[in-house]
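S.K.: next comes the sequence, and after it the predicted model I'd like to discuss.
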Amino acid sequence: MKIRNLVAVLVVCFLTFGSAPDSLSQAAPKKTAEKAEVVYSCPMHPEVTSDKPGKCSKCGMNLVLEETAKSAGTQATSASENIATAESLLTEAKNSLMKEGKYSCCIEDACDECALAHQSCPCANNLIAGKDVCTQCYGGWQRGEGAVKGVNVKDVKLGNGHKH
């Protein structure tokens, strides 16, 4: 029974502290080295990243190696890094929604408004049906960025029916 208790104490110590109590183990120096993560990104589109070399999905440029240190401590992250990460995650989410048939944007550079507001984009389907589109899509059409062939910019409506 005492062996069971000793094993239980050791298991709790390992789970809690990552090692056996000092009286039961030889003290080994703890490693505090940072783990480096290999990331390749596009010089023109930093939100396009990969864990291996390749080409940017937006412009075709070669992805460039950048080393980012990851540590368990509190490493400061710049605002631009946070924005790049957010853009990358949003693009990934929109691509997933497109594959699921839930995201059909009507402008060339797919809008963020619909994805952020309700995790889908009906704007292309709405436009084809003569209904209104979100404000970001409407603005895109006004700038000449429409992506639905055969639609005249004058037919693009921004109305109260498309709420976020």
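M.R.: Received it, and whenever you're ready, just let me know what you need.
S.K.: only C-alpha atoms for contact and neighbour calcs from this point on.
M.R.: OK.
S.K.: where do the strands of this structure begin and end?
M.R.: Under the criterion DSSP state E, strands of the chain are mapped to 35-41, 49-50, 64-70.
S.K.: hey, least reliable of the ones you listed by pLDDT?
M.R.: Among the strands of the chain, strand 64-70 carries the lowest mean pLDDT, at a mean of 66.
S.K.: quick one: low-confidence parts of this structure?
M.R.: Residue ranges of the chain with pLDDT under 70: 1-36, 67-76, 160-164.
S.K.: in it, which spans are helices?
M.R.: 2-17, 79-99, 113-118, 123-128, 135-142 (DSSP state H).
S.K.: pull the residues that contact stretch 139-158.
M.R.: 106-109, 124, 127-128, 130-135, 137-138 (Cα atoms under 8 Å, 6 or more residues apart in numbering).
S.K.: may I ask which two of the residues you listed are separated the most?
M.R.: Across those, no pair lies farther apart than D109 and G130, at 21.2 Å, counting by Cα to Cα.
S.K.: before we move on, the earlier item: and which of the contacts of stretch 139-158 is nearest C42?
M.R.: D109 (17.4 Å).
S.K.: measure that closest one to C56 for me?
M.R.: Per Cα to Cα, to the nearest Å, D109 is found 15 Å from C56.
S.K.: so between these two, which is more surrounded?
M.R.: C56 (22 against 12; other Cα atoms under 10 Å).
S.K.: that older thread, of all the contacts of stretch 139-158, which comes closest to N82?
M.R.: D109 (20.8 Å).
S.K.: what sits against that closest one?
M.R.: Contacts of D109 (Cα under 8 Å, 6+ apart): E145.
S.K.: quick one: contacts for the closest residue to A124 other than its chain neighbours?
M.R.: Once flanking residues are discounted, A124 sits nearest to C106: 4.3 Å by Cα to Cα, 6 or more residues apart in numbering. For C106, the contacting residues are C123, A124, L127, C137, G146, A147, V148, by Cα under 8 Å, 6+ apart.
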